[in-house]
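**Student:** predicted structure and sequence below. I'll ask about it afterward.
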Amino acid sequence: MAKPAILTKAEAGEATFFLQMGGQGSPWYKELKKFYDSGELKEFFDVTLKAIEEEAPKVTGSIGLPHGIDARKWLEDESSIPSDAYLATAAVSLTMIQLTQLAYFEAVLKAGWSMDDLIKHTKGSTGHSQGLISMTFCALGKSGKDYYDALALYMKYILYLGVRAQEAYPEIEPTADDLALATELGLKDPAPMVAVLGVTHDRIAELVAETNANLPADKQIYMSLYNSPVNRILSSHRSSLLNFYKQHKATLEAEQVKFVFLRTTCPFHSPLMEGAVAPFEEDRKRIGFDFKASELKIPVYSFADGKDYRDLADLCKTMTYDLLVSTLYWEKALTPLKALKPTHIVDFGPGKTSQRLTSDTLTGFSLDIPILGMANAKEMKSFTEA
């Protein structure tokens, strides 16, 4: 395999990298099927799909995975794919998005980059929401059998995390009242997370506080993800988010604020997900997922506080809690870029959402760092071609 030209530059001290993974809500099927159909990642798919197939029957039919997850069948036969609504359920969405991200990572390793070279020339890394979990796998820097053993464990980990998340918030579908109110307000597909785009975080916080004052304690709205200066996510029950929009519709329209529900079935990054933490810990211990912070070979910066995961006392518990409950501050995860000053950011998708969020944040930092998205064939080539 020819050495990538950008690796030659790195060896000459002319290139360094910062790695990132995206989060929930991105389409993944076409990207993943392209890899599957190519046959170039056969061992990767053998290991990951087998891991899913070993564990899925144990939870199929549960609230968390009512109709199972037949990833192999879906990839072999596009007509077998379930509805978009089912693909958006936590256990399915989390699992398939992680599978897609790690397929991109595997593809880079098959295209001329060795794990050692990538680790050597990477200054730091992060991930948006569930992408932080995927990035810890990459940061382990494993190779050979150890790499594939860890890969299998990560697939089992994310499947169970999705199942327990959904069990903690079993309202997979909107109620008839939710749908009626959404229709009245001109909104589609109400979900427990919504993107509120425009104006400042402080302005939206004011409006949230006004609505929360009239909501019971168990129906509160949380500002759960701060993605960029004008992009944030609210997490709560569908009814609360719909009431927020109803109360402030005129204001949001006057201030040109967009209100877009995410394709998800759980209010991640909020206290509403606390109930998933303890049940999932039992799963994690049972499958033997017990990686240590000391095993991470590159810095992995947290979106919760910007700190390096390598300094954690308990890596596994923290990254579980961060996805389920911790507020996400994308700016904190990227603040290390100011000091690290890598020549390139490498994004493992899926899609381009995390690229856009990072680009907006870099603008706020007055930094100009090119972002190579592996979901873009041209940019993938620029990172892997000789």
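**Tutor:** Nice, I can see it.

**Student:** domain-wise, how is this protein divided?
**Tutor:** Each domain of the chain is listed here as a residue range: 5-169+274-384, 176-264, per the TED database.

**Student:** endpoints of the longest one, how far apart?
**Tutor:** Domain 5-169+274-384 has an end-to-end distance of 7 Å (criterion: Cα to Cα, to the nearest Å).

**Student:** could you find the closest non-adjacent residue to residue 212?
**Tutor:** residue 220 (5.2 Å; Cβ to Cβ, 6 or more residues apart in numbering). Backbone N, C-alpha and C define where each C-beta goes, glycine included.

**Student:** I'd say that neighbour and residue 237 touch.
**Tutor:** No - in this structure, residue 220 is not within contact of residue 237 by Cβ atoms under 8 Å, at 9.0 Å.

**Student:** so residue 290: helix, strand or coil?
**Tutor:** Three-state assignment for residue 290 (DSSP: H, G, I helix; E, B strand; the rest coil): coil.

**Student:** that one: what's it in contact with?
**Tutor:** Counting by Cβ atoms under 8 Å, 6 or more residues apart in numbering, residue 290 touches 284, 316.

**Student:** spell out the residue ranges of the helices in the stretch 201-350 of the chain.
**Tutor:** In the stretch 201-350 of the chain, the segments counted as helices under DSSP state H, counting those that start in this stretch are 201-212, 238-254, 277-287, 315-324, 330-334, 337-340.

**Student:** go on, the stretch 51-200 of the chain?
**Tutor:** Using DSSP H, counting those that start in this stretch, helices in the stretch 51-200 of the chain cover 71-76, 84-87, 90-110, 115-120, 131-139, 144-168, 176-185.

**Student:** pLDDT on the first one, on average?
**Tutor:** Just to be clear, that refers to helix 71-76. Throughout helix 71-76, pLDDT has a mean value of 98.

**Student:** wait, a helix at residue 18?
**Tutor:** No - judged by three-state DSSP, residue 18 forms no part of a helix; its state is strand.

**Student:** I'd say residue 136 and residue 300 touch.
**Tutor:** Yes - applying Cβ under 8 Å as the test, residue 136 and residue 300 come out as touching, 5.7 Å apart.

**Student:** give me the common contacts of the two.
**Tutor:** Each of 127, 309 lies in contact with both residue 136 and residue 300 under the rule Cβ under 8 Å, 6+ apart.

**Student:** coming back round to it: wait, which of the helices of the stretch 51-200 of the chain is closest to residue 273?
**Tutor:** Residue 273 lies closest, by Cβ to Cβ, to one member of the helices of the stretch 51-200 of the chain: helix 144-168, at 5.7 Å.

**Student:** list the buried residues for that closest one?
**Tutor:** By 16 or more other Cβ atoms under 10 Å, the buried positions in helix 144-168 come out as 147-148, 150-168.

**Student:** and the pLDDT for the residue nearest to residue 177 when sequence neighbours are not counted?
**Tutor:** Once flanking residues are discounted, residue 177 sits nearest to residue 239: 7.1 Å by Cβ to Cβ, 6+ apart. In this model, residue 239 is scored at 99, pLDDT.

**Student:** more neighbours, residue 136 and residue 300?
**Tutor:** Shown here are residue 136 and residue 300; by other Cβ atoms under 10 Å, residue 300 has more neighbours (27 against 24).

**Student:** make sure that one is actually in contact with residue 307.
**Tutor:** No - taking contacts as Cβ under 8 Å, residue 300 lies outside contact range of residue 307: 9.7 Å.
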